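1. got a predicted structure here, sequence first:
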Amino acid sequence: MTVSPQVTPPVTPVPTSPATQPSPPTAAPPSSSTAATSPPAVPTSLVDRFERIAPRLHAHGLTMLRAGLGGVFVWFGVLKVIGYSPAAALVVAVLPFPAGEWFVPALGWGEVALGLWLMSGRARAMALPVLVAHLCGTFAVLVLTPGVAFAHANPLLLTLVGEFVVKNVVLLAGAVVVTTRPRR
């Protein structure tokens, strides 16, 4: 007995308009039972990993900022106390009153005290106005001796002294951050 293959007639496609075409199947939203049993998402990208550790970095960053600011104040203050500060002559030149030899070392001791105060993290609310006053006092160079701070009398062209003074904006911002951090 021979089996002949079945022959089917050719099918011709029927033209359809976009309105009559069937829509593609859509995926059903996950049910709440599957969402509750699925494991937590594992961070796969660098951004996800960063977002996961950012709060810890922030907490350590504030401590590092406080220690760094305090350390800079102590360091610069000690240089004034022992007579090796490159800023001592600038300080005396800017003062609107005659300063004795005691002034720069006294300013240095004040900076050491401010630095230790910052590093301790104690009485931050009282430290902020003292720090702001001290750092704003450094901006006197820009007003009282602009020829030393600006090249060619142009406030956009800072000299080395001008850069030294203007960087205190960053110290001031850091002081505000570390002294106003909310308590945990």
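-> Nice, thanks for sending it over.
2. could you find the closest non-adjacent residue to residue 109?
-> residue 81 (6.0 Å; CB to CB, 6 or more residues apart in numbering). All C-beta spots, glycine's among them, are computed from the backbone N, C-alpha and C.
3. to clarify, my last question referred to residue 96.
-> Per CB to CB, 6+ apart, closest to residue 96 is residue 144, 6.7 Å.
4. wouldn't that neighbour be in contact with residue 97 here?
-> No. Judged on CB atoms under 8 Å, residue 144 makes no contact with residue 97 at a distance of 11.5 Å.
5. show me which of those two is the more surrounded one.
-> Between residue 144 and residue 97, counted using other CB atoms under 10 Å, the more crowded position is residue 144 (13 against 5).
6. distance of that one relative to residue 129?
-> Plainly put, residue 144 is 22 Å away from residue 129 if you go by CB to CB, to the nearest Å.
7. pLDDT below threshold where in the protein?
-> Counting by pLDDT under 70, the chain has low-confidence residues at 1-43, 183-184.
8. helices and strands around the helix ranked longest in it, which ones?
-> Ordering each helix of the chain by length in residues (DSSP state H) puts helix 46-81 first. For helix 46-81, the packing partners by 3 or more CB pairs under 8 Å, 6 or more residues apart in numbering; DSSP states H and E come out as helix 103-120, helix 168-179.
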